[in-house]
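1. Attaching a predicted model along with its sequence, questions to come.
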Amino acid sequence: MSDAVSTSPATDLSDSTRSSVPESSDSLLPIVTWAQLGDLQRQKILARPQGAFAEVSTCEAIIAQVRQQGDFALRQLTQQLDEVTPAYLKVPTEELQSARDKISTAQRQALHSAYGNISSFHSLQNDGDTRLETSIGVVCELQHRPVQSVGLYVPGGTAPLPSTVLMLGIPSLLAGCPQRILCTPPQANGRIDPLVLAAADLCGIDQVFAVGGAQAVAAMAYGTQTVPAVDKIYGPGNAWVTRAKQLVAQDPAGAGCDMPAGPSEVLVVADNTAIAAFVATDLLSQAEHDTASQCVLVTDCAEVANQVRMQCLTLMAQLPRRGTADGTTRPRLKAASVNESPFQFPPGHHESEKKERPRQGSRRS
């Protein structure tokens, strides 16, 4: 899981269609011919941008402050670093349970639809234990046991991410983890976005805390007067969250953690049957995470490439987070024509938009 970000896209166009594809470096979705690029040009197109750097000493100081001062440090650091005065540390039960009434019918339906899809997929992973006698008297077993207490971190500094709640909450529910808590940064009003709370309630999470950043990781790892300590911490975050997770995981008295978060990335592979609006939506859904997101489109159809470009322009005008998605600091979306030339790029997310394999998504772990 990941949430610090980086951007570019790529497109694969056959020789017969290359001439109709305009090559540009300053449009929203510039399309380039991969076979005509040199090694340095290819590296530049797919280069991941330099992310923010979190100083170890600063993270260590934040962790130490939380361990020493508990809840007081959480409130102080939230005011100091997030410039927000939290309305509470633990979300009141009534606010958590009533959140579904504060979101629209369309949002509730979207949450339930996503819940069903994610749950169906992860249910396949629960395939029972395996036992094998490799030789007389020698038995090897693969056993599945839930982590007893888990802390789920959901970013929220730039936008609410109910999808992250579902992607963390559902697997932990299916695994049967007895204790599950969730930490997420408060909004400017000091409270948690109702969408995030509604998603948490849908996943059966009854302990949600309005705290983010390295201080949230420290709270979950060591506990405070209000936040219970957990055995393992899951979820994406910025450079400070990632650094803090690494530090507490290295401490025998701390908590384990999942993989370090990297930049938000997506590689979409599409053929001439792809629906341009779907492709554009998938690209922009990652691009809006951060001004460093990396989005790559690979297609063998010039018409699809140009349709996706137009759809991106149309959808951009409707996005409330347009300033992030259009990459105010650098070109956000690029397309590269690869044809039969070697194209290597290991994305955080991979999606296929092809007739023979209907819309599929996979996440590198």
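-> Perfect, thanks for sending it. Computed from a prediction, not measured in an experiment: that's the story for all the values here. Residues are numbered from 1 along each chain as shown.
2. Report the buried residues of stretch 156-174.
-> For stretch 156-174, a neighbour-count test (16 or more other CB atoms under 10 Å) marks 156-158, 160-173 as buried. Bear in mind the C-beta positions are built from the backbone N, C-alpha and C, glycine included.
3. mean confidence for it?
-> Stretch 156-174 carries an average pLDDT of 91.
4. again, but for stretch 276-295
-> Mean predicted confidence for stretch 276-295 is 81.
5. on that earlier part again, take the buried residues of stretch 156-174 and keep only those in helices.
-> In helices, defined here by DSSP state H, the members of those are Pro162, Ser163, Thr164, Val165, Leu166, Met167, Leu168, Gly169, Ile170, Pro171, Ser172, Leu173.
6. now, among the residues you listed, which is nearest to Leu319?
-> Ser163 (15.9 Å; CB to CB).
7. so the closest one makes contact with Ala114?
-> Yes: here Ser163 lies in contact with Ala114, judged by CB atoms under 8 Å, at a distance of 6.7 Å.
8. any idea how the protein splits into domains?
-> Following automatic domain parsing, one finds the domains of the chain at 15-49+263-363, 56-122+145-257.
9. Endpoints of the longest one, how far apart?
-> From the first residue to the last, domain 56-122+145-257 extends over 17 Å; the measure is CA to CA, to the nearest Å.
10. The chain should start at 52 in everything you say after this.
-> In the new numbering, first residue 52, that becomes domain 107-173+196-308.
11. For the stretch 252-401 of the chain, which segments count as helices?
-> Taking DSSP state H, counting those that start in this stretch, the helices of the stretch 252-401 of the chain run over residues 264-273, 290-301, 327-338, 353-367, 373-376.
12. Can you say which of the ones you listed is nearest to Leu246?
-> That would be helix 327-338 among these, by CB to CB, at 15.2 Å.
13. now that closest one against helix 353-367, angle please.
-> 60 degrees (axes from the mean of the first three to the mean of the last three CA atoms, to 10 degrees).
14. Need the three-state assignment for the nearest residue to Glu192 once chain neighbours are set aside.
-> Sequence neighbours aside, Arg182 is the residue nearest to Glu192 in space, at 4.9 Å (criterion: CB to CB, 6 or more residues apart in numbering). Assigned by DSSP: H, G, I helix; E, B strand; the rest coil, the conformation of Arg182 is strand.
15. got a list of what Arg182 touches?
-> Taking CB atoms under 8 Å, 6 or more residues apart in numbering, we find Arg182 in contact with Val190, Cys191, Glu192, Leu193.
16. Mind doing that once more with 10 Å?
-> Arg182 sits next to Val190, Cys191, Glu192, Leu193, Gln194 when contact means CB atoms under 10 Å, 6 or more residues apart in numbering.
17. Buried deepest among the helices of the stretch 252-401 of the chain, which one?
-> Of all these, helix 264-273 carries the top mean neighbour count, a mean of 29, counting by mean count of other CB atoms under 10 Å.
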